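**Student:** need coordinates for the below:
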Amino acid sequence: MDKLIIFDISGPFANFRKFYTNSSSSTYIVPPRTVISGLIAGIIGKPRDSYYEEFSIDNANIGVKPLTKAKKLTQTINYYNIEIKNKTLRYQVPMEILVPEKRNELVSYRVYFYHKEEEIFNDFLSRLKDRRFIYNPYLGITEFLANINFVSFLDDKSVKKVEINEEDFIEVEGCFNIKYIIKLDTSSNPPVVVNRMPIQFKENRELDLFGEYIVEKNCSTIKVKLKKEAPLYKLTYSFNGETKEENIIFME
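**Tutor:** From the prediction side, this is the model:
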């Protein structure tokens, strides 16, 4: 990996439906890799369900971390069923909605993106900077439109693969697969959750891969001992006049 795009997405509401639920719309607290893939594919104009292979873990790297604390509210919404004898039947479904804990904030995430195809990578970078979106980005469902803001473009000098010593604790940002964890530092009692999340789909939206992902709920780092094979990268970039250094494990 010799370059990387960083951008932020935010909005007043979000819902990232758990893939194994049918009768309710319970939500993850961070967008799964499949959601970010769809958001990026929509911005560059890929038709629905046409991009799964192009955005597989063999072709694209995606990382995400929460920037604001969020809480869940449950609302009941009406869905329309099929017409029976010229009548359209409705049924009610509970939906969890993510909202910011603080009223003056938005539900916000930082996203890290790389694609090995130059055309896709450069097209997305250009559209992101110029705000030329073919399909509008949204946070899980089309009713929850997203703000999207370019943060930084990193070259090979700012993206470094980290050689891991399995005896050392490392502070990692964001959401990552627990299969890479040897030990979690619990001395500070970090408020973490683990969710089963989709990684990628096959054709016809059939689930191809899923994993167990850990997230720190207070938007802080997670201190862990990692396996050598973890895809850990150190990123250095400037944002709002501040130099940032972050350790990221991509979602795979």
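**Student:** quick check: beta-bridge partners of K244?
**Tutor:** Beta bridges link K244 to Y237, judged by DSSP bridges.
**Student:** so it touches Y237, yeah?
**Tutor:** Yes. Applying Cβ atoms under 8 Å as the test, K244 and Y237 come out as touching, 5.7 Å apart. For glycine as for every other residue, the C-beta is placed from the backbone atoms N, C-alpha and C.
**Student:** I6: neighbour count?
**Tutor:** As a burial measure, I6 scores 21 neighbours (other Cβ atoms under 10 Å).
**Student:** now the helix or strand hosting it: average pLDDT?
**Tutor:** Assessed by DSSP states H and E, I6 sits inside strand 4-11. Mean pLDDT, computed over strand 4-11, is 97.
**Student:** what packs against that strand?
**Tutor:** strand 107-115, helix 118-130, strand 147-154, strand 232-239 (3 or more Cβ pairs under 8 Å, 6 or more residues apart in numbering; DSSP states H and E).
**Student:** on contacts alone, who are the packing partners of the second one?
**Tutor:** Contact analysis of helix 118-130 by 3+ Cβ pairs under 8 Å, 6+ apart lists strand 4-11, helix 33-43, strand 107-115, strand 147-154 as its packing neighbours.
**Student:** contacts for the last one?
**Tutor:** Right, the one you point to is strand 147-154. 3-11, 43, 106, 110, 125, 128-129, 131, 133, 137, 235-239 (Cβ atoms under 8 Å, 6 or more residues apart in numbering).
**Student:** drop anything exposed from the residues you listed.
**Tutor:** Among the contacts of strand 147-154, those classed as buried by 16 or more other Cβ atoms under 10 Å are 3-11, 43, 106, 110, 125, 128, 137, 235, 237.
**Student:** quick check, central residue of the chain?
**Tutor:** Geometric centre of the chain, nearest residue: P31, 3.9 Å, by Cα atoms, centre = their mean.
**Student:** thank you kindly, that will do.
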